[in-house]
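>>> Fold the following and give me the result.
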Amino acid sequence: MTEYSGAGDPKRTLELLWGVRERPRRGPKPRLTAEEIVQAAIRLADAEGLDGPSIRRIAEELGVSPMSIYTYVPGKAELIDVMVDRAFGELTPPDHGSWRDRLEHIARDNWALFHRHPWLLEITKARPPLGPNTCAKYEYELRAVDGLGLGDLEMDSVVALVTGFAESAARVSVDAAEAERRSGITDEQWWEASAPLLEALVNEDDYPLGTRVGAATGREYNAAVAPGRAFEFGLARVLDGIEVLVSSR
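Sure, this is the predicted structure:
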């Protein structure tokens, strides 16, 4: 099931993202913190996807009642935004090299993040969580292409192109791994079982290019797709295209 960032109450979401309600206050020390709840939710999501971190499951994980969770987090919609922002905090700024090196670092860092936290791919981030890590991420991504003669809109578009490609490529890779997990057979086993029957059913004269290219890739990949190879090839082509834009300046 797809979730949407920015679906919760904006005020409460921003308070959670920036720790407004975590500031010192009088009275007994709270048993929990919002950050402990967020980290428990991330652990559950890593293990089970976004269906895992329900308020009830988080409460069980932390040994408290569900109602006590609502004292800190109004609901799952707000929690999802904070989870995304905290995950973005694992990314590292590219602080050296050429602009191409920096963009390559950003793409590879995002690719790795989506594999560590596949649940991020279950969230549509059209309204990004406006938290500290998300803001820092955007800032250093823009720094990677600052000073190249690009306009502000072009800088934003270049960053969106690179990060969007990394997310799309990671989705294919994560989906392939999930298909293997759910089916219980490897890509190689699937290909070995499918190839003989496919050869008998498909007339090469009807699909000459598909037959030739499909056979070559099947022999090479032992699968229908090779996500890692596609990522490497696509990233190089994306950077080549950006280089044309930068050179034109």
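>>> In terms of pLDDT, where does the residue nearest to residue 110 when sequence neighbours are not counted sit?
The shortest distance from residue 110 to any residue other than its chain neighbours is 3.9 Å, reached at residue 166 (C-beta to C-beta, 6 or more residues apart in numbering). Using the backbone N, CA and C atoms, a C-beta is placed for each residue, glycine as well. At residue 166, the model reports a pLDDT of 98.
>>> other SSEs contacting the strand or helix carrying residue 166?
Assessed by DSSP states H and E, residue 166 sits inside helix 152-183. When contacts are defined as 3 or more C-beta pairs under 8 Å, 6 or more residues apart in numbering; DSSP states H and E, helix 152-183 packs onto helix 99-116, helix 132-143, helix 187-201, helix 227-247.
>>> Spatially central residue in the chain, please.
Note on the chain: the residue nearest the mean C-alpha position is residue 114, at 3.7 Å, using C-alpha atoms, centre = their mean.
>>> contacting residues around that one?
Residues counted as contacts of residue 114 (C-beta atoms under 8 Å, 6 or more residues apart in numbering) are 120-121, 166-167, 170-171, 174.
>>> How about the lowest-mean-pLDDT helix or strand in the chain, which residues are buried there?
In the chain, no helix or strand scores lower on mean pLDDT, DSSP states H and E than helix 187-201, which sits at a mean of 85. For helix 187-201, the buried set under the neighbour-count rule, 16 or more other C-beta atoms under 10 Å, comprises 187, 190-191.
>>> which secondary structure elements does the very next helix or strand once past that helix contact?
Using DSSP H and E, the helix or strand that directly follows helix 187-201 along the chain is helix 208-221. If contacts are counted by 3+ C-beta pairs under 8 Å, 6+ apart, helix 208-221 sits against helix 187-201.
>>> Using CSV, write out every CA atom in the helix it packs on.
The C-alpha coordinates for helix 187-201 follow below in CSV (Å, rounded to 0.1, in the frame of the first residue of the first chain):
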residue,chain,number,x,y,z
ASP,A,187,16.2,-15.4,-11.0
GLU,A,188,18.5,-18.0,-12.5
GLN,A,189,16.1,-20.9,-11.5
TRP,A,190,13.2,-18.9,-13.0
TRP,A,191,15.1,-18.3,-16.2
GLU,A,192,16.1,-22.0,-16.6
ALA,A,193,12.5,-23.1,-16.1
SER,A,194,11.1,-20.6,-18.5
ALA,A,195,13.6,-20.6,-21.3
PRO,A,196,12.9,-24.0,-22.9
LEU,A,197,9.2,-23.5,-23.1
LEU,A,198,9.6,-20.0,-24.3
GLU,A,199,11.8,-21.2,-27.2
ALA,A,200,9.1,-23.7,-28.2
LEU,A,201,6.3,-21.1,-28.1
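>>> could you check the angle helix 208-221 makes with it?
150 degrees (axes from the mean of the first three to the mean of the last three C-alpha atoms, to 10 degrees).
>>> who's in contact with helix 187-201?
Counting by C-beta under 8 Å, 6+ apart, 176, 180, 183, 185, 218, 221-224 sit against helix 187-201.
>>> Nearest spatial neighbour of residue 79, chain-adjacent residues omitted?
residue 73 (5.1 Å).
>>> Make sure I have this right: that neighbour is in a strand.
No. Looking at residue 73 with DSSP: H, G, I helix; E, B strand; the rest coil, it is coil, so not inside a strand.
>>> Quick one: residues contacting it.
16, 34, 37, 55, 79, 82.
>>> tell me the pLDDT at it?
pLDDT at residue 73 comes out at 94.
>>> measure it to residue 130 for me?
Counting by C-beta to C-beta, to the nearest Å, the separation of residue 73 from residue 130 is 17 Å.
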